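**Q** Take this sequence and fold it.
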Amino acid sequence: MQIQPIQNEYEKEIVDLILNIQQKEFNVPVTLEDQPDLLDIENFYFKPGGIFLGAFINDKLVGTIALVKFNPEAGAIRKMFVKKEYRGKEFNIAQQLLEQLINYSEENGIKNLYLGTVTILQAALRFYEKNNFITIPKEALPSDFPLMKPDNVFCQLTLKPTK
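**A** Numbering: from 1, shown residues only. Next up is the predicted model:
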């Protein structure tokens, strides 16, 4: 498996992977129109100081994770998705994606990571808890946190920046 930063050249693969998981697997009522960031990865993620990572097996995109840097010391985790057949400890893709994103965040002066998700994604919530994220009320989010409409559970992780 290989993890690397990806941009708009992988747009079709990214959209296919994410929408299939959101809509078909978990019935989350979200469309591509609700996620314009997927069609402008460079400007939405990279330009403000974030990153969009893809996990590849045999040159096929099997997982994603992204960081929106929404202020100098805080970032939001977005687009954490792994194809069903590549989930779990055997491949460890989600863990490796998260670790690379955390390393990138620490190296770039981010002190806090936040994320929003939906209650139906219980495995995702357990995964974040296992990685020391704490659940916080929506009111505890920074005022500039980029909210996504379907999200109803929020988590936070304090980092130790390396700079």
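**Q** When you work out contacts or count neighbours from here on, use the C-alpha atoms and nothing else.
**A** OK.
**Q** show me what contacts residue 67?
**A** Contact partners of residue 67, counting by CA atoms under 8 Å, 6 or more residues apart in numbering, are 45, 50-52, 75-78, 101.
**Q** and the residues you listed, which of them are in strands?
**A** Of the contacts of residue 67, the ones assigned to strands by DSSP state E are 51-52, 75-78.
**Q** Redo those as CSV? Include pLDDT, distance to residue 132 and neighbour count.
**A** CSV is the format used below for the ones in strands among the contacts of residue 67 (pLDDT from 0 to 100; distance: CA to CA, whole Å; neighbours: other CA atoms under 10 Å):
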residue, pLDDT, distance to residue 132, neighbour count
51, 98, 21, 24
52, 98, 22, 23
75, 98, 16, 24
76, 98, 15, 22
77, 98, 14, 23
78, 96, 17, 19
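**Q** out of those, who's nearest residue 11?
**A** Distance to residue 11, by CA to CA, is smallest for residue 52 among the ones in strands among the contacts of residue 67, at 11.4 Å.
**Q** Of all the helix elements in this structure, which one is longest?
**A** Secondary structure of the chain per DSSP state H: the longest helix is helix 93-107.
**Q** export the helix or strand following that one as PDB, just CAs?
**A** Next in sequence after helix 93-107, counting helices and strands by DSSP states H and E, comes strand 112-117. Output in PDB follows, covering the C-alpha atoms of strand 112-117 (Å, rounded to 0.1, in the frame of the first residue of the first chain):
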ATOM      1  CA  ASN A 112      -6.000  20.900  17.500                       C
ATOM      2  CA  LEU A 113      -7.800  18.600  15.100                       C
ATOM      3  CA  TYR A 114     -11.600  18.500  15.000                       C
ATOM      4  CA  LEU A 115     -14.000  16.400  13.000                       C
ATOM      5  CA  GLY A 116     -17.700  16.000  12.500                       C
ATOM      6  CA  THR A 117     -19.400  12.700  11.700                       C
END
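**Q** Flag every buried residue along strand 112-117.
**A** Judged by neighbour count (16 or more other CA atoms under 10 Å), strand 112-117 contains these buried residues: 112-117.
**Q** Looking at these, point me to the pair that's furthest apart.
**A** Among those, 112 and 117 lie farthest apart (CA to CA), at 16.8 Å.
**Q** that older thread, with the buried residues of strand 112-117 in mind, which one is nearest to residue 25?
**A** Within the buried residues of strand 112-117, the smallest distance to residue 25 is 15.1 Å, found for residue 117 (CA to CA).
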